[in-house]
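Visitor: Test case, fold it:
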Amino acid sequence: MRTRRRRVAACAVLAAALAAGLTSCGQEARGGSRYQPDAGKGGTVGIAMPTKSSERWIADGKNMAEQFRKAGYKADLQYGDDKVENQVAQIENMITKGHRLLVVAAIDGSALTHVLTRAAEAHIPVISYDRLILGTENVDYYASFDNERVGELQGQYILDRLGLKKPDADAADDERHTIELFAGSPDDNNTKYFWNGAMKTLRPYLRTGQLVVRSKQTKMNQATTLRWDGGTAQKRMDDLLSKNYGSADVDAVLSPYDGISIGIISALKSAGYGTKRHPLPVVTGQDAELASVKSIVAGEQTQTVFKDTRKLAKQAVQMGDAVLTGKKPEVNNTTDYDNGKKVVPAYLLKPVSVDKKNTQLLIDEGYFTKEQLR
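Guide: Next comes the predicted model:
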């Protein structure tokens, strides 16, 4: 009886040891932890970008792919055509192929929970690029710009151009101006940061009546523009003008993105703005896209916010390389970017306001050439 028990016990110990060995081997084959123990150069990085309809995303993807290759990795660059199902399928394919790292600029920040669970199970780290991925613990780092500051720059530019220096409920009539507000896509987490930054500067003047929104559409959910689409913005601006500005003029339009700005300006010009007698209002923007910078030079769009995406791509590559070589990536914000499941450690770059007076900055930085801006 004792001999049998000893044999059973020995078998159990052997089985446990074999199971542990198999588990260990299995983990080693998959990477063993979220940051693979086979740390080093090589392998493929998956880069999932939202769309090619915006020149900035084309540039972001190209810059990252080139820099990852220079750093010793292969790059699999995919664009989702602004369709969530496309991006999910692309990420799933990257996981299946065994890519070592995912860099994702989400089309819909809350639509990737399931696929990133798969990435975590495969021990593939994830960097959220420019747009924070929401509702999942399976995102490791975030690389972006100070997005609230972007909104502050846009709002402050409007105040400066309209000559508004301080909130004053008793301001004279010539210190009161009309404004309409646009926001980004409702499924992009950055939208709220841009909006909050802008409204931080504009709201005191809305309260005093120095800024008046004739449409009364002053809430973010009334001002959003799905997928940041310029055509959608143009239609909304058409409606705002026809319903609220019969004989009155709009003095400023808060636009969070250059593509939206171009749509807004098209609507304004169709309504008769853009002449010496009827000049265009102040129109802000973001991303310093070529079409908008040329519009600024031509005196149509008034301002944009320059975010050097080459530097953002470089930061994402440095983060990814650090993760894959067993180092700790550099971050400068560990408190503000809560995605609903965790506070994601982030590195934020500084944006710069650009108007007709300082477009030379874009040439000096090598972002555009003089010939491109003619």
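Visitor: show me where the protein has strands.
Guide: Applying DSSP state E to the chain gives strands spanning 44-49, 74-79, 101-104, 126-129, 141-145, 177-181, 211-212, 252-254, 282-283, 303-306, 346-349, 352-355.
Visitor: Could you list the domains of this structure?
Guide: Taking automatic domain parsing as the criterion, the chain consists of the domains 44-145+309-349, 147-306.
Visitor: which one of those domains lies closest to Lys370?
Guide: Proximity to Lys370 (CB to CB) singles out domain 147-306 among the domains of the chain, at 10.7 Å. All C-beta spots, glycine's among them, are computed from the backbone N, C-alpha and C.
Visitor: and Ile179, how many neighbours does it have?
Guide: 23 (other CB atoms under 10 Å).
Visitor: was I right about it contacting Tyr245?
Guide: No. Assessed by CB atoms under 8 Å, Ile179 is found out of contact with Tyr245, at 11.5 Å.
Visitor: How confident was the prediction at Val343?
Guide: We have a pLDDT of 98 for Val343.
Visitor: residues touching it, list them.
Guide: Taking CB atoms under 8 Å, 6 or more residues apart in numbering, we find Val343 in contact with 334-337.
Visitor: in the sheet, who's paired with it?
Guide: Asp338 (DSSP bridges).
Visitor: With the one 10 residues further on instead?
Guide: Taking DSSP bridges, one finds Val305 as the beta-bridge partners of Ser353.
Visitor: For Gln315, which non-adjacent residue is closest in space?
Guide: The shortest distance from Gln315 to any non-neighbouring residue, by CB to CB, 6 or more residues apart in numbering, is to Ala143 (4.9 Å).
Visitor: Skipping its backbone neighbours, what lies nearest Leu132 in space?
Guide: Spatial nearest neighbour of Leu132, excluding adjacent residues (CB to CB, 6+ apart): Asn189 at 4.4 Å.
Visitor: The one you found and Ala271, how far apart?
Guide: Using CB to CB, to the nearest Å, Asn189 is found at 33 Å from Ala271.
Visitor: Tell me which of the two has more neighbours.
Guide: Higher neighbour count among Asn189 and Ala271: Asn189, with 24 against 17, using other CB under 10 Å.
Visitor: isn't that one right up against Gly109?
Guide: Yes. The criterion here is CB under 8 Å, and Asn189 meets it with Gly109 at 4.6 Å.
Visitor: tell me, what's touching the two both at once?
Guide: What both Asn189 and Gly109 touch, as defined by CB under 8 Å, 6+ apart, is the set 131-132, 134, 339.
Visitor: Next step: the residues you listed restricted to helices.
Guide: With helices taken from DSSP state H, there is no overlap with the shared contacts of Asn189 and Gly109.
Visitor: Nearest to Pro204, out of those residues: which one, please.
Guide: Leu132 (27.8 Å).
Visitor: which residues does the closest one contact?
Guide: Contacts of Leu132 (CB under 8 Å, 6+ apart): 109, 142, 144, 189-190, 337, 339, 344.
Visitor: Then Leu362?
Guide: Contacts of Leu362 by CB under 8 Å, 6+ apart are 288, 293, 306, 354, 368, 373.
Visitor: Please report how far the closest residue to the last one other than its chain neighbours lies from Asp229.
Guide: In space, not counting the residues next to it along the chain, Leu373 is nearest to Val297; the distance is 5.6 Å by CB to CB, 6+ apart. Counting by CB to CB, the separation of Val297 from Asp229 is 24 Å.
Visitor: For these two, indicate the residue with more neighbours.
Guide: Between Val297 and Asp229, counted using other CB under 10 Å, Asp229 has the larger neighbour count: 17 against 13.
Visitor: quick one: that one and Gly259 touch, right?
Guide: Yes. With contacts counted by CB under 8 Å, Asp229 reaches Gly259, the gap being 7.4 Å.
Visitor: follow-up on the earlier one: how about the contacts of Leu132 in JSON lines, adding distance to Thr284?
Guide: Below are the contacts of Leu132 laid out as JSON lines (distance: CB to CB, whole Å):
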{"residue": "Gly109", "distance to Thr284": "23"}
{"residue": "Tyr142", "distance to Thr284": "25"}
{"residue": "Ser144", "distance to Thr284": "19"}
{"residue": "Asn189", "distance to Thr284": "20"}
{"residue": "Asn190", "distance to Thr284": "15"}
{"residue": "Tyr337", "distance to Thr284": "24"}
{"residue": "Asn339", "distance to Thr284": "27"}
{"residue": "Val344", "distance to Thr284": "28"}
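Visitor: coming back round to it: whichever of the shared contacts of Asn189 and Gly109 end up buried, select them in ChimeraX.
Guide: This is how ChimeraX selects the buried members of the shared contacts of Asn189 and Gly109, with burial counted by 16 or more other CB atoms under 10 Å:
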select :131,132,134,339
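Visitor: Nearest to Asp239 among the shared contacts of Asn189 and Gly109?
Guide: Nearest to Asp239, judged by CB to CB, of those is Arg131 at 27.7 Å.
Visitor: what residues are up against the closest one?
Guide: Here Arg131 is in contact with 50, 105-106, 109, 144, 188-190 (criterion: CB under 8 Å, 6+ apart).
Visitor: Out of those, name the ones that lie in helices.
Guide: Asn190.
Visitor: out of the contacts of Arg131, what pair is the most spread apart?
Guide: Pro50 and Ser144 (14.0 Å).
Visitor: Of these two, which one has the most company?
Guide: Pro50 (29 against 24).
Visitor: If I look at that one, what pLDDT would I see?
Guide: Per the predicted model, pLDDT is 98 at Pro50.
Visitor: In space, what's closest to it - neighbours in sequence excluded?
Guide: Of all residues not flanking Pro50 in the chain, Ile107 sits nearest, at 4.6 Å (CB to CB, 6+ apart).
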